[in-house]
Structure formats: structure tokens, C-alpha cells
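> have a look at this fold, sequence not included:
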């Protein structure tokens, strides 16, 4: 008999597989259509005078900003809960918004002041994104459902956990090498 957990797990596997297949097919089609003339950052290959290019560039800028705002939301919410009860809920919300905005401005200042910020983003993506998307869900699922997990599901989760850890380590090493290479080139020029 299938439990809700097993159905959810099967749906999530199908979802991840579908998205992965879609992204991989788009990547192969793009490489096949445009070949090596495409820059590693797609926005550099777009025509500069088109309005769609400007929209794509702004979307590229706004996406990390919203991502970081969402990642810092738990910090701001926890801060709001730790404020004294004598403060009104409206004031708490304003404080939470101010803290979130301040953290976002700190990240913006960091992005503008640190050369090669794309490598720093790559490094944090390797560390944080792989952990949030692969490692933590598998580890938490194993921890929370240990008694109910069948052996094949346990093996699959352990494999995914190991694969996520491997991706995180290799991504971090690759990002670190890119950052150090860029810093060495900048230092020698």
C-alpha cells in the first residue's frame, strides 16, 4: 500500500527528472543551434540594441536579489519574534523589513566592491544551493522517516546524498580555482 510519503517521493522524483531532462535538452539544443559562438553568459551573446536584451539583463540582475532576500527572510522573521512583546506588530513588521532591506543592501555593496563577484556567487551556489536542494532534503527524509523507509528508498536517498556531497565538493573546488585564477590574473596586470 502506498502511503502519502511514498506518493510525494515518487512525484518529486518525476518532477526533478522532468526538469533535469528539460534543462539538459535545452542546453544540447542551444549548443547544437548556436555552437561555440555563444558566450558562457548568454546575455553577452544577445544583441545590445533590442529591448528584450535589456529585459533579460534586468531579470538577471533582479533574480539574485530576490533569491538573497528570500534566504535572509528567516533571519529577519526570527529577529521579529525575539523582539519584546510590548512592541506593536506593525513596528515589528517594519523592523523586519528594515533588517531584510539592510542585509540586501550589504550584499549589493559587497557585489559592487568585490571584484569577480560572479565567482563568489558561484562559490555560494556550490555550497548553499546543493545543500538546500539535494543534501538536506535527503538527510532530513532519512532522519525523520527512518523506521518507515523501505530499503530501496533508503539506498536511493543515500546515493543522492553522496552525489550531492560530491557535487558540492567539486563545485566548491572549481569555483575556488576560478576565483583564485581571476585574482592572480588581476594581480599580475
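Perfect, I can see it now. Predicted model only: the values in this text are computed from it and were never measured.
> and for residue 144, the neighbour number?
Counted by other C-beta atoms under 10 Å, the residues lying close to residue 144 total 11. (Glycine included, C-beta is placed from N, CA and C.)
> secondary structure element for the nearest residue to residue 157 once chain neighbours are set aside?
Residue nearest to residue 157 in three dimensions, not counting chain neighbours: residue 138, with 4.6 Å by C-beta to C-beta, 6 or more residues apart in numbering. In the assignment (DSSP states H and E), residue 138 maps to helix 136-144.
> now that helix: how far from the chain's centre is it?
Relative to its parent chain, helix 136-144 has a centroid offset of 19 Å by C-alpha atoms, centre = their mean, to the nearest Å.
> and what of stretch 91-105?
22 Å.
> and stretch 54-65, by the same measure?
Worked out by C-alpha atoms, centre = their mean, stretch 54-65 lies 15 Å from the chain centre.
> next, name the residue at the spatial heart of this protein.
The residue lying closest to the centre of the chain (C-alpha atoms, centre = their mean) is residue 129, at 3.9 Å.
> next one: that one from residue 186, what distance?
Distance of residue 129 to residue 186, given as C-beta to C-beta, to the nearest Å: 26 Å.
> for the chain, which spans come out with low pLDDT?
1-2, 4-5, 39-44, 64-73, 111, 114-117, 189 (pLDDT under 70).
> quick check: domain ranges of it?
45-113, 115-184 (automatic domain parsing).
> who does the longest helix along the chain touch, helix- and strand-wise?
For the chain, the helix with the greatest residue count under DSSP state H is helix 151-188. On a contact count with 3 or more C-beta pairs under 8 Å, 6 or more residues apart in numbering; DSSP states H and E, helix 151-188 meets helix 117-124, helix 130, helix 136-144.
> which of those helices sits most buried?
Comparing these by mean neighbour count (mean count of other C-beta atoms under 10 Å), helix 130 ranks first with a mean of 21.
> got a list of contacts for it?
Contact with helix 130 is made by 164, 167-168, 171, as judged by C-beta atoms under 8 Å, 6 or more residues apart in numbering.
> would you list the helices and strands packed on helix 151-188 in TSV and tack on distance to residue 23?
Listed next are those as TSV, based on distance: least, C-beta to C-beta, whole Å:
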stretch	distance to residue 23
helix 117-124	18
helix 130	15
helix 136-144	19
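> among these, which comes closest to residue 51?
helix 117-124 (24.6 Å; C-beta to C-beta).
> gap between that closest one and the chain center?
11 Å.
> tilt between that helix and helix 151-188?
Orientation check (axes from the mean of the first three to the mean of the last three C-alpha atoms, to 10 degrees): helix 117-124 against helix 151-188 gives 150 degrees.
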